[in-house]
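1. Fold the following, please.
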Amino acid sequence: MSYADLLQIAYHEAGHAVIGRAHDPRIVRATIVPDAGRRGHVEFDRVPTDAVAGLSVFLAGPMAEHYLRTRTFAGLNGRPSFDVHASDDWSRMLSYLPTAFHWRDNSTFCLAFERTAGLLIYHWDHVEAVADALLTHKTITGAYVTALLSKHEAA
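-> Below you'll find the predicted structure:
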């Protein structure tokens, strides 16, 4: 696997981890080591019960990858635009949703998208720190993530 692939995976998982932490589930571990058909994953102690929070954690991985490459969320004006939908990142992300799900007309999805974009931009230094730790160590514990982000918040 190339460094570019690992970088993309690290930012994807870091996005899930940072936004997950913002919505309160505790991180058990994060890894960029492939297993069970996944290129990496973040394990939480529980899933957020709030629909917007759950969608936000779900969206954070592909959104972090996209932001890494473009430094923008095209069409972010309260609702995702066709530009966003046309990108490979968004098409792949949206393919996981049920086919009957009409995201353009779904206020919960649009709110989660908007909230996730804002949180990723605001906490981008945290995403970078977690991604860097994943690139260095490949697998990190939730306690390591918490300590890393606490150190960043104190700085």
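2. which residues in this structure form strands?
-> 27-31, 41-44, 139-141 (DSSP state E).
3. For the shortest one, buried residues please.
-> Put plainly, it is strand 139-141. Going by neighbour count (16 or more other Cβ atoms under 10 Å), the buried part of strand 139-141 is residue 140. C-beta here means a position set from N, CA and C on the backbone, and glycine is covered the same way.
4. swap in the second one?
-> By 16+ other Cβ under 10 Å, the buried positions in strand 41-44 come out as 41, 42, 44.
5. name the helices or strands packed onto that strand?
-> helix 3-22, strand 27-31 (3 or more Cβ pairs under 8 Å, 6 or more residues apart in numbering; DSSP states H and E).
6. cool, and the first one?
-> Judged by 3+ Cβ pairs under 8 Å, 6+ apart, strand 27-31 is in contact with helix 3-22, strand 41-44, helix 124-137, strand 139-141, helix 142-154.
7. ok now it, how far from the chain's centre?
-> 13 Å (Cα atoms, centre = their mean, to the nearest Å).
8. quick one: strands adjacent to it?
-> strand 41-44 (antiparallel), strand 139-141 (antiparallel) (DSSP bridges).
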